[in-house]
Structures are given as C-alpha cells and as structure tokens.
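Student: Got a sequence here, can you build the structure:
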Amino acid sequence: MMDYLQDNHMTAYRFAKKSGIPQSTIWSILKKEDYEVREKNIRKICKAMGISAGEIMKSPKLRKQLKMVDFFWKIA
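Tutor: The predicted structure is shown next:
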C-alpha cells in the first residue's frame, strides 16, 4: 500500500479520506507488522485503490502488508 501512496503522490490522510478508513487505522496498517486488517477495511482499501480483492493476491508485498492470506482463502 505504501507503493500505491507513493506512486499516486498521496498522503495517508488523503487515502484515509478516499477510503473512508480512519487515518489512525491507515497508519497502523502501514507501520505495524502485527496489525491485522479487518475484512471490511480490505474491501474499502481495494475500492479506494481501484482494484478487485483478487488482484491483491497477485501482489505478495501488499498481501503480506495487509495480512490477507487467510481472508482470501475464505472468499476464493
């Protein structure tokens, strides 16, 4: 997600507003290695990034950051 923010010249604050996720949650996702993202926030992140949930499976770096492996096996 950090790559997305950098590539789009977007701050965490702006992404928080775009996604509807509190800025503190965005910072936790970006900075805490043990932060587990809730399903509803994963969906909001995907929508804000303009990608499908399945596309995250193609990005090991993003998948790891969002700790989403278990979630996607449930919805696949």
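Student: Just give the nearest non-adjacent residue to the residue sitting nearest the centre point of the chain, would you?
Tutor: Relative to the mean C-alpha position of the chain, the nearest C-alpha, by C-alpha atoms, centre = their mean, is the one of residue 45, at 4.6 Å. Sequence neighbours aside, residue 19 is the residue nearest to residue 45 in space, at 5.9 Å (criterion: C-beta to C-beta, 6 or more residues apart in numbering). Placement of C-beta: from N, CA and C, glycine included.
Student: who's in contact with that neighbour?
Tutor: By C-beta atoms under 8 Å, 6 or more residues apart in numbering, residue 19 lies in contact with 26, 41, 44-45, 47-48.
Student: Among those residues, which one has the most neighbours?
Tutor: Of all these, the highest neighbour tally under other C-beta atoms under 10 Å goes to residue 45, namely 26 neighbours.
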